[in-house]
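[1] Got a predicted structure plus its sequence, pasted below:
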Amino acid sequence: MRHRRHHLRRTAAVAAVLVAATVGLTACGTESGKASDSTKAEEKKPKEPFEGMSGTEIVNKAVEATKGAGSLRLAGDIDDDETGRMKMDLALDTSGKCAGTMSMADEGSFDLIVPGNGTVYMKYDEKFLRSQSKGEPEDQTAAAVEMLADRWSKTKASGPDAKDIAGMCDLDDLLKEFEGDINSNARKGATTTLDGTPAIQIDAHDAKEKYTIYVATEGKPYLLKIIDKGTAKPEHITFSEYDKPVETTPPTGKVIDLDKLGA
C-alpha cells in the first residue's frame with residue numbers, strides 16, 4: 001500500500017490544476033459586452049443576464065461567488081499524465097467534511113467519508129488495492145484484498161495516508177486554486193439550461209487550450225461546469241449542490257479499524 005498516498009495527492013492536485021487553468025481569466029482581448037443605444041422596441045425586451053458585462057467579467061464574478069460557497073459537489077472526468085483517465089464525485093464543505101467516490105483509469109476506485117470528527121472512512125475495490133500494492137509480496141497483496149476489498153475501514157485523520165485524503169476534502173484550499181492567472185479570451189455565448197439550472201455559456205481560450213464555461217444566471221452566479229476541449233477526449237468538471245449540507249453519516253455494520261491492525 002506504499003504508493004497509495006502519492007496517488008491520492010496527485011488525484012486531488014490534477015483536479016485543482018484544471019480548475020485553476022480555466023477560471024483565472026484576465027481582461028486581455030475580451031469583448032466589452034456593452035450594448036449600443038436601445039430603440040423603444042428593444043427597451044421593452046426582458047433584461048438579458050449579465051447585460052453590459054463581458055465574458056471575462058462574468059467568469060470573474062462567478063469565481064468570486066463560488067469562492068464564497070460553504071459547500072458544493074464536485075464531479076469530474078479528467079486526464080492525468082501518470083494514471084490516465086480519472087473520475088471523481090465529491091461533496092465537500094469548508095468545515096472539512098466530505099464524501100464521495102474517486103476512480104483512476106485502470107487503477108480501480110474507492111469511496112470515502114470524512115465526517116470531520118477525526119476519523120476517515122474508506123472502502124476500496126480489489127483493483128485499487130492491487131494497483132497500490134505493486135511491488136509487494138503476492139501473499140501480502142492477497143491478504144490485503146481478502147480483508148479490505150469492498151469493505152469499509154477507518155483510521156485516524158491524523159495518520160499519514162488519512163492526512164492526504166482529508167486534504168482532498170478541504171474546500172477552502174480547493175477554492176484558493178481559483179486565483180490562477182492566465183492570458184485568455186472569454187466571450188459570451190447563448191443562454192441555456194444546464195441540468196435544470198438557467199445558465200449562460202462562456203467560450204474561452206489561450207494558446208493551447210479551448211474551454212467552455214457555464215455560469216448560473218439565476219440566484220448567485222455560481223460556476224456550473226467547465227469543459228476543456230483541448231484534449232482528444234474532452235475533460236470536464238461540474239459544480240452543483242451549492243450550500244447544501246454534506247451527508248457524512250459513518251457506515252453501519254462492521255468497520256475494520258486500521259489503527260488497531262497496525263498496533
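    Ah, there it is.
[2] in the stretch 101-250 of the chain, which spans are strands?
    109-114, 119-124, 152-156, 185-194, 197-205, 210-216, 223-228, 235-240 (DSSP state E, counting those that start in this stretch).
[3] Redo these as TSV? Include mean pLDDT, distance to A166 and mean neighbour count.
    (Glycine included, C-beta is placed from N, CA and C.) As requested, these are exported to TSV (pLDDT from 0 to 100; distance: least, CB to CB, whole Å; neighbours: other CB atoms under 10 Å):
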stretch	mean pLDDT	distance to A166	mean neighbour count
strand 109-114	94	6	21
strand 119-124	93	6	22
strand 152-156	92	10	18
strand 185-194	90	31	16
strand 197-205	92	30	20
strand 210-216	92	29	22
strand 223-228	92	24	22
strand 235-240	93	21	19
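[4] For A99, find the nearest of those strands.
    Among the strands of the stretch 101-250 of the chain, the nearest to A99 by CB to CB is strand 109-114 (4.6 Å).
[5] quick one: strands adjacent to the closest one?
    strand 98-104 (antiparallel), strand 119-124 (antiparallel) (DSSP bridges).
[6] distance between the first one and the chain's centre?
    Averaged C-alpha coordinates place strand 98-104 at 10 Å from its chain's average position (CA atoms, centre = their mean, to the nearest Å).
[7] ok, back up a step: next, format the strands of the stretch 101-250 of the chain as TSV and append distance to R130.
    Below are those laid out as TSV (distance: least, CB to CB, whole Å):
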stretch	distance to R130
strand 109-114	12
strand 119-124	10
strand 152-156	16
strand 185-194	38
strand 197-205	40
strand 210-216	36
strand 223-228	30
strand 235-240	26
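[8] For D257, which of those is the nearest?
    Between the strands of the stretch 101-250 of the chain, strand 152-156 lies closest to D257; by CB to CB that is 5.9 Å.
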